[in-house]
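Enquirer: Here is my input, please return the structure:
(one chain, ligands or ions: 2)
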Amino acid sequence: MAASLDGVFPATLQEKVKNSKLLVVGAGGIGCEILKNLVLSGFPEIEIIDLDAIDLSNLNRQFLFHREHVGKSKSQVARESALQFNPDVKIKAYHDSIMATDYGVNFFKKFDVVLNALDNRAARNHVNRMCLNAEVPLIESGTAGYNGQVELIKKGLTQCYECTPKATQKSFPGCTIRNTPSEPIHCIVWAKHLFNQLFGETVDDEDISPDVADPEAKGEVDENSKNDPEKAADEKVPGDGNVVRVNTRQWAKDNHYDAQTLFNKFFYDDIKYLLSMSNLWKTRKPPTPIKWDSLLLKQDETDQSYSRQYHKIWSLAECAAVFADCLKKLKLNLEKMDQGDSLVWDKDDQPAMDFVAACANIRGYIFEIGRKSRFEIKSMAGNIIPAIATTNAITAGVVVLHTFKVLQNQLDKCKSVYMRLRPNPRNQLLVPEKFLTAPNKNCYVCAAEPAIHLRIDTKRVHIKEFRDEVLIKTLNMVNPDVIVDAKGVVVISSEEGETECNESKLMSEMDIVDGVLLKCDDFFQNYELSIIIVHIDAERDEPLFEVIADPNQLKPKEEETVKTSEKENGKTDDVSDGPSTSKKSKINEVLDDDDDLCLIEDDDDHNVSKPTDKSATEEVTEATDKLQVKSPEKPIATKRKTTTVDDDITEILDSDEEDGPTQSKRTKRSEPDEKGVINID
Ligand SMILES: Nc1ncnc2c1ncn2[C@@H]1O[C@H](COP(=O)(O)OP(=O)(O)OP(=O)(O)O)[C@@H](O)[C@H]1O
Ligand SMILES: [Zn+2]
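Expert: Ligands and ions are numbered 1, 2, ... in the order given. A predicted model of the protein is given here:
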């Protein structure tokens, strides 16, 4: 193979290639293409890791896989197929998660370059941290539909993956999901919560029963509950906000997951209860409870061919039949698990997907919300943007070109590249940045001494939530240790069982109050972070915490004073809840974060050049300040109106204007745009 490179690559590059060792993380759409390019380019030593097995749906674009490989390890099959192109290459395949503790800093140090081809933020964040630690250049890439992006991450030289906080995913108020859904996505979220309550990992805030604490229903619920006979019945069933709570899973098990019993509870009793909260229906159309008996289901129905008609909108009776069928299958799947284990919802798992599609549509019938086909629900629930083989292939090509430059130490040439659907005015489909973007000095990952302010309701957030939602989900740690700096008290320990007794305590009960400094440490990631607590009394349905990486944000700004007074004068300003360097989160109301991508805001090409009188860091800070963490009021993309569950993706989908990129990667535009979106299957 090396011979074939003669005359193609300069001798110096050939030499570098011959002596290099690379790691490819992910053997999916981009990963397979990268691997194929690497072996054809003569790279002698490659390691590839992927945790997943090949799914039928991968075959249309992951060309190293064929029908006979379905169910087999992605990394192993990718290795075998790639070896057919070039048997001389040494490829080591791992069927594992890159986040497993086997792959520590020393593992990363073995490589000259790491090439990411992942599909989720948690893994990307983790590899980012490991490469920063190991001081190995990382080439990060991602695609969404026709858009793609490649960037170099090199400690001290460029932004890291976490230098600019990414928008939090769109969340919905709990009472909208539980009491007053108005869009199909609300029903889909509810159905996914129901799945988790019955079969998955149960999360307290994923309750699916009526929320009696809904502020809109204030005052009337207690009155109703005294008189309403339905209420008495409800007290024996689970999840009813303020009444006796029985674990939903246990209740379903006690009832043998009987379809009729469960159906009547979720779609009749609970809806009747909602109707009793009459304030809710003063300005809304009230829902219609549905009883199982009223459905005229065909007994012993054997022909369920409709359930495989993915583009059809199932009738109510069909939804009920699918519901019953899935309950049986999921119950069996659950029984096969070890005691205490639960199912994980997956869009590609047929009964899990069917269950959500059926339940979302039944709720849609009840609330008279537009029903959707299983296909559409899958796309919304799984947060999917169709993957395009060509985009993956081109992006993987750019990744390998960047690898050549890194090996030749031409790092200044490794500017981020954005792939676009239509050419910009310069006729470019692959649009490079003009400069490498320097690290953000306020980055809570790659700064010299990472620190953040954490605005948090210390009287409502428990230590367990602080660990799971703030440290793990938001700040991307894997196994954190936390001590209160002044006292040296260990609040959270990474050693199992050591601080379990703290988990159910409120932060304030552990003296974690306003002004307290916490020292957090993730040994595995070799990551230390100081957290300064700023207590807030969060309003109901307000985020319980907000991460502030830039301390300037805590200081009142002149500009903000102006905005406040404008508001007081009745002027609205949709920028007012915009720019921020913060990450706001509502505990447990965030949807899946699959397939996310670091993204760009399209800006006028002429604005791309860096003003000469500004330092790179100032540029970054400015860009960061433009971040809008809240989801826009109006979704950016028309077709994804109800599916804006991942703002990042919505953003890039819409990036088809006729201009170039800006330096402010992952920055959201503030003006919603109603342009068409490509939505293919
Ligand atoms: N922590 C991880 N460790 C190793 N591999 C990972 C990890 N997280 C994700 N991956 C892999 O990254 C790859 C990303 O590829 P891609 O985006 O094409 O996803 P896919 O699962 O193949 O396709 P789709 O999501 O569109 O069905 C997947 O094969 C996935 O298994
Ligand atoms: Zn950084």
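Enquirer: wait, isn't A259 in contact with L295?
Expert: No. If you go by Cβ atoms under 8 Å, A259 and L295 don't touch, sitting 10.7 Å apart. The C-beta positions use only the backbone N, C-alpha and C, and glycine is treated the same way.
Enquirer: Touching both of those two, which residues are there?
Expert: Taking Cβ atoms under 8 Å, 6 or more residues apart in numbering as the criterion, A259 and L295 both touch A320.
Enquirer: Remind me which helix or strand A213 belongs to.
Expert: Taking DSSP states H and E as the definition, A213 sits outside all helices and strands.
Enquirer: Going forward, the N-terminal residue is numbered 758.
Expert: Okay, using 758 as the starting number, the last item reads as A970.
Enquirer: count of neighbours near it?
Expert: By other Cβ atoms under 10 Å, the residues close to A970 number 15.
Enquirer: Return the backbone torsion pair for it.
Expert: Note on A970: its backbone torsions stand at phi -90, psi 10 [degrees, to the nearest 10].
Enquirer: quick one: the residue nearest to L813 when sequence neighbours are not counted from S854, how far?
Expert: Closest residue to L813 apart from its sequence neighbours, by Cβ to Cβ, 6 or more residues apart in numbering: V827 at 5.4 Å. Distance, V827 to S854, using Cβ to Cβ, to the nearest Å: 21 Å.
Enquirer: Residues of this structure that sit close to ligand 2?
Expert: Residues of the chain lying close to ligand 2 (Cβ under 5 Å from the ion) are C917, C920, C1200, V1202, C1203.
Enquirer: which two in the residues you listed are spaced the farthest apart?
Expert: Distance extremes for those: the farthest pair is C920 and V1202 at 7.4 Å, using Cβ to Cβ.
Enquirer: Just want to know which of those two has more residues nearby.
Expert: C920 (27 against 21).
Enquirer: quick one: secondary structure of the closest residue in space to the more buried one that isn't next to it in sequence?
Expert: The shortest distance from C920 to any non-neighbouring residue, by Cβ to Cβ, 6+ apart, is to N1197 (3.9 Å). Assigned state for N1197: coil (three-state reduction, DSSP: H, G, I helix; E, B strand; the rest coil).
Enquirer: Identify the residues contacting the closest residue to E804 other than its chain neighbours.
Expert: Once flanking residues are discounted, E804 sits nearest to K849: 4.5 Å by Cβ to Cβ, 6+ apart. K849 sits next to I803, E804, I805, R836 when contact means Cβ under 8 Å, 6+ apart.
Enquirer: What of K1221?
Expert: For K1221, the contact set (Cβ under 8 Å, 6+ apart) comprises E1260, S1261.
Enquirer: ok and the residue in the stretch 958-1107 of the chain nearest ligand 1?
Expert: With Cβ to the nearest ligand atom as the measure, D1105 is the residue of the stretch 958-1107 of the chain nearest to ligand 1, at 6.8 Å.
Enquirer: which SS state does that residue fall under?
Expert: Per three-state DSSP, D1105 ends up coil.
Enquirer: How about it, nearest residue that isn't a chain neighbour?
Expert: Once flanking residues are discounted, D1105 sits nearest to D812: 5.5 Å by Cβ to Cβ, 6+ apart.
Enquirer: How much space separates the residue nearest to L813 from ligand 2?
Expert: According to Cβ to the ion, to the nearest Å, V827 and ligand 2 sit 39 Å apart.
Enquirer: And the pLDDT at D1359?
Expert: Looking at D1359, its pLDDT reads 33.
Enquirer: right, I mislabeled it, should have said E919
Expert: 95.
Enquirer: residue contacts, it?
Expert: When contacts are counted by Cβ under 8 Å, 6+ apart, E919 touches N882, N885, R886, C1200, Y1201, V1202, C1203, N1233.
Enquirer: Show only the entries of those found in helices.
Expert: Mapping these onto helices (DSSP state H) picks out N882, N885, R886.
Enquirer: Get me the contact residues on the stretch 1008-1157 of the chain for ligand 1.
Expert: Residues of the stretch 1008-1157 of the chain lying close to ligand 1 (Cβ under 6 Å from any ligand atom) are A1144.
Enquirer: Helices along the stretch 1058-1207 of the chain, start to end?
Expert: For the stretch 1058-1207 of the chain, the helices defined by DSSP state H, counting those that start in this stretch cover 1073-1093, 1107-1124, 1131-1138, 1146-1164.
Enquirer: what mean pLDDT would you report for the third one?
Expert: Across helix 1131-1138, pLDDT averages out at 91.
Enquirer: Can you check what angle separates it from helix 1107-1124?
Expert: Going by axes from the mean of the first three to the mean of the last three Cα atoms, to 10 degrees, helix 1131-1138 is angled at 90 degrees with respect to helix 1107-1124.
Enquirer: Which strands and helices lie in contact with helix 1131-1138?
Expert: Helix 1131-1138 is packed against helix 941-955, helix 1107-1124, with contacts defined by 3 or more Cβ pairs under 8 Å, 6 or more residues apart in numbering; DSSP states H and E.
Enquirer: Include mean pLDDT and mean neighbour count when you put those helices into CSV, please.
Expert: Shown next, in CSV, are those (pLDDT from 0 to 100; neighbours: other Cβ atoms under 10 Å):
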stretch, mean pLDDT, mean neighbour count
helix 941-955, 94, 25
helix 1107-1124, 96, 24
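Enquirer: Good, we can wrap up now.
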